[in-house]
Every structure is written in C-alpha cells, then in structure tokens.
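1. Sequence and predicted model, in that order:
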Amino acid sequence: MILETAILFIKPHLASQFEVDFIKASQYISSIQGYLGHRLEKCLEVEKKYLLMVNWNTLEDHTIGFRTSEAYLEWRRILHEYYEPFPVVEHYETVFENKI
C-alpha cells in the first residue's frame with residue numbers, strides 16, 4: 001500500500017466552501033482502480049491548513065491511473081482554485097507499524 005500525502009493551504013475565508021466541495025470531489029478519486037480510501041484532516045493550530053491522505057494499492061494507481069483520468073480533471077476543476085500555494089504531493093510506503 002502507498003500513502004499519498006499533501007498539505008493543503010486554503011485561500012482565506014474559503015475553508016467552509018472548500019470542505020463542501022471536497023466531499024463532492026471525493027466521488028471522483030474514489031472511482032479509480034487501486035484507490036483504497038482517503039481522509040482530510042483539518043489543522044487545529046492553523047485555520048486554513050489541511051492534511052490530505054490517500055491510500056493507493058500502487059504508486060502508479062495514483063500517478064498514472066488517477067492523474068491521467070477524466071476523474072482527475074473533475075477533481076482538479078472542483079478543488080484546485082482553493083489552494084494557495086499549490087500543494088506538494090508526496091508518496092510513502094510503510095517501514096514499520098505498531099497497532100493496538
């Protein structure tokens with residue numbers, strides 16, 4: 001499993017509308033083969049800061065499967081206007097995990 005992460009900074013005074021539109025846009029990312037789930041976390045200390053985490057089966061499911069799809073064009077159309085600056089997306093694989 002691959003974890004995609006992005007720290008999202010939302011333009012001032014648009015956080016509430018971003019959250020509404022994020023829910024709408026979620027249907028597009030979740031339609032992609034290899035998608036395993038995603039979460040959006042809101043920062044408690046910085047009002048306009050969010051953390052996006054998406055689980056993919058493989059790196060290519062995100063970088064090729066999603067990024068070259070019609071679904072991505074819709075995701076981008078709905079969400080990209082909110083970002084300032086544009087987020088850096090990174091991918092991680094688990095080295096160690098301890099669960100209770």
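-> Everything's here; your move.

2. Which positions in stretch 9-24 come out as buried?
-> 9, 10, 18, 22 (16 or more other C-beta atoms under 10 Å). For every residue, glycine as well, the C-beta is placed using N, CA and C.

3. how about the first one, secondary structure?
-> Here residue 9 is strand, with the state taken from DSSP: H, G, I helix; E, B strand; the rest coil.

4. was I right about it contacting residue 47?
-> No. The criterion here is C-beta atoms under 8 Å, and residue 9 misses it with residue 47 at 10.2 Å.

5. and residue 58, how far is that from residue 69?
-> Distance, residue 58 to residue 69, by C-beta to C-beta, to the nearest Å: 15 Å.

6. neighbour-wise, which of these two wins?
-> Per other C-beta atoms under 10 Å, whichever of residue 58 and residue 69 has more neighbours is residue 69, with 16 against 13.

7. ok now do residue 47, which residues does it touch?
-> residue 15 (C-beta atoms under 8 Å, 6 or more residues apart in numbering).

8. any idea how far residue 1 is from the residue of the chain most remote from its centre?
-> Farthest-out residue of the chain from its mean C-alpha position, per C-alpha atoms, centre = their mean: residue 100, at 26.4 Å. Here residue 100 is placed at a distance of 19 Å from residue 1 (C-beta to C-beta).

9. And residue 56, by the same measure?
-> 7 Å.

10. anything in contact with each of these two?
-> residue 36.

11. who's more crowded, the two?
-> residue 56 (24 against 12).

12. Find the nearest non-adjacent residue to the residue nearest to the spatial centre of the chain, please.
-> In the chain, the C-alpha nearest the mean C-alpha coordinate belongs to residue 52, at 4.2 Å (C-alpha atoms, centre = their mean). Spatial nearest neighbour of residue 52, excluding adjacent residues (C-beta to C-beta, 6 or more residues apart in numbering): residue 6 at 4.6 Å.

13. Check residue 92 too.
-> According to C-beta to C-beta, 6+ apart, the nearest residue to residue 92 is residue 3 (4.5 Å).
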